[in-house]
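Visitor: need coordinates for the below:
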Amino acid sequence: MVKIVVKFKIIEGMEDAYLNDLKPCILATRQEEGCLEYTAFWNGEERVLTLFECFKDGEAAAKHLEYPHFAVDFKALKKYYAEKAVAERYEDPII
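Guide: Down below sits the predicted model:
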């Protein structure tokens, strides 16, 4: 199992446009084979979106990066970022 937590700080005033453009990507990712969870939480006070991703294995996580909704749509979302996204990857739960 692979869990990935990604945080994106969004440019002030671009929050609604970003969330609107992000929703189709989230829905498409949830349909990927091997995707166990793909949930986004919005912190409006800090303008930070956090994605919680969970894939059945490293192969499914790697394949996620090849889908058109990631390769095209997610890369297009970079125009909304106030800072570089921060990602943490976790594998092999201990319990």
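Visitor: for the closest residue to residue 85 other than its chain neighbours, give me its contacts.
Guide: Once flanking residues are discounted, residue 85 sits nearest to residue 8: 4.9 Å by C-beta to C-beta, 6 or more residues apart in numbering. C-betas here are computed from N, CA, C, even on glycine. Residue 8 makes contacts with 48, 49, 50, 51, 80, 81, 85, as judged by C-beta atoms under 8 Å, 6 or more residues apart in numbering.
Visitor: same deal with residue 51?
Guide: 4, 5, 6, 7, 8, 26, 38, 39, 40.
Visitor: confirm that residue 41 sits in a helix.
Guide: No. According to DSSP: H, G, I helix; E, B strand; the rest coil, residue 41 belongs to no helix; its state is strand.
Visitor: thought it was touching residue 7?
Guide: No. Here residue 41 does not reach residue 7: they are 9.9 Å apart, not a contact under C-beta atoms under 8 Å.
Visitor: name the residues contacting each of these two.
Guide: Residues touching both residue 41 and residue 7 by C-beta under 8 Å, 6+ apart: 49, 50.
Visitor: who has more neighbours, these two?
Guide: More crowded of residue 41 and residue 7, by other C-beta atoms under 10 Å: residue 7, with 16 against 10.
Visitor: which pLDDT value belongs to that one?
Guide: pLDDT, residue 7: 96.
Visitor: is it true that it touches residue 84?
Guide: No. Contact between residue 7 and residue 84 fails when scored by C-beta under 8 Å: they sit 10.1 Å apart.
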